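sequence first, then the predicted structure:
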Protein chains: 2
Amino acid sequence: MKQKIPPACPMDSILRLLMGPWTTYILWVLNDVGPQRFGALKRAVPGISTRVLTERLRMLQAAGVIWRDQTQTIPPAVTYGLTERGDDLRQVLESLGEIAQRWQSEGAFETGNVAAE
Amino acid sequence: MKQKIPPACPMDSILRLLMGPWTTYILWVLNDVGPQRFGALKRAVPGISTRVLTERLRMLQAAGVIWRDQTQTIPPAVTYGLTERGDDLRQVLESLGEIAQRWQSEGAFETGNVAAE
DNA sequence: GGAAGTAGGCACGTAAAGGTAACTACCCTT
DNA sequence: AAGGGTAGTTACCTTTACGTGCCTACTTCC
């Protein structure tokens, strides 16, 4: 998706920032559960690899969507949470969660194309 | 993202359905502008290819998120719009649009990582 | 000692997403 | 004839995302 989209289109920018699934899932968990340590966050996002989690967290931090608090301890303890900016997404994330449950009970995810992926 | 995520997690399912950027962008346009013909939709989503648009529309239709109305004319005229289920996303999409504008004015998309992509 | 915890990093390979080009089949206009 | 429109389709290639395995460095516990 690196093409001729005018950089002036904020919708494109936010979608590129938030997409795909892993990124949004991380944000959803942080919103749902509150600030989390790296390891706890990893366990709360089933299936994500350390590699991807690290990368996404770094990206989100760079965009000011999440904060990162690191203790000067051994072992290290790094906590992540939604910033004020990230809080803008609170309603979106909660709605997505509700919609997800509704659609599941409606069978939207059983068409075969999604489940087969 | 085809791994050990339990299929019972609706949040994962919806994120997989809606992601990535193209899919959400299409939905956002449909929500913003209303039902659109294929060609008009393609022009309203700058940069998208026919190939990707076709694929996404098919997927969204299969999931019951959008409807497809085809005329029996030559040339064909196919219109797409949000279903009732798709309407569930109306608030989410509108919020995303507002947030996108806010974040742009805040400089969230100028960190270099997003713009450099 | 090994195993567990903390938060990662690197390298390699595979899978998925998407760009590009050419095409279909019909109609209308210049 | 060429060029435009309608909504796609196919094939090939490139780019991006991500899984996997191994690793770091420190501490604590069995």
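Arrived safely, thanks for sending.

near chain B, anything from the helix-or-strand element of chain A with minimal mean pLDDT?
Every helix and strand of chain A was ranked by mean pLDDT, DSSP states H and E. The lowest is helix A:10-18, at a mean of 78. Yes: judged by CB under 8 Å from any CB of the partner chain, helix A:10-18 and chain B are in contact via A:10, A:11, A:12, A:13, A:14, A:15, A:16, A:17. C-beta coordinates here come from the backbone N, C-alpha and C atoms, glycine included.

report the contact partners of the second one.
Taking CB atoms under 8 Å, 6 or more residues apart in numbering or on different chains as the definition of contact, the neighbours of residue A:11 are B:25, B:28, B:96, B:97, B:100.

so which of those is surrounded by the most neighbours?
Among those, residue B:25 has the most neighbours (other CB atoms under 10 Å in any protein chain shown), with 26 neighbours.

now the angle from the strand or helix carrying it to helix B:10-18?
Using DSSP states H and E, residue B:25 maps to helix B:21-33. Relative orientation of helix B:21-33 versus helix B:10-18 (axes from the mean of the first three to the mean of the last three CA atoms, to 10 degrees): 80 degrees.

output helix B:21-33 as PDB, nothing but the C-alphas.
In PDB, the C-alpha atoms belonging to helix B:21-33 read as follows (Å, rounded to 0.1, in the frame of the first residue of the first chain):
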ATOM      1  CA  PRO B  21      -6.300  -0.700   5.100                       C
ATOM      2  CA  TRP B  22      -8.000  -1.300   1.800                       C
ATOM      3  CA  THR B  23     -10.900  -3.100   3.300                       C
ATOM      4  CA  THR B  24     -11.600  -0.500   6.000                       C
ATOM      5  CA  TYR B  25     -11.000   2.300   3.500                       C
ATOM      6  CA  ILE B  26     -13.600   0.900   1.200                       C
ATOM      7  CA  LEU B  27     -16.100   0.600   4.100                       C
ATOM      8  CA  TRP B  28     -15.300   4.100   5.200                       C
ATOM      9  CA  VAL B  29     -16.000   5.500   1.700                       C
ATOM     10  CA  LEU B  30     -19.300   3.500   1.400                       C
ATOM     11  CA  ASN B  31     -20.300   4.900   4.800                       C
ATOM     12  CA  ASP B  32     -19.300   8.400   3.900                       C
ATOM     13  CA  VAL B  33     -20.700   8.700   0.400                       C
END
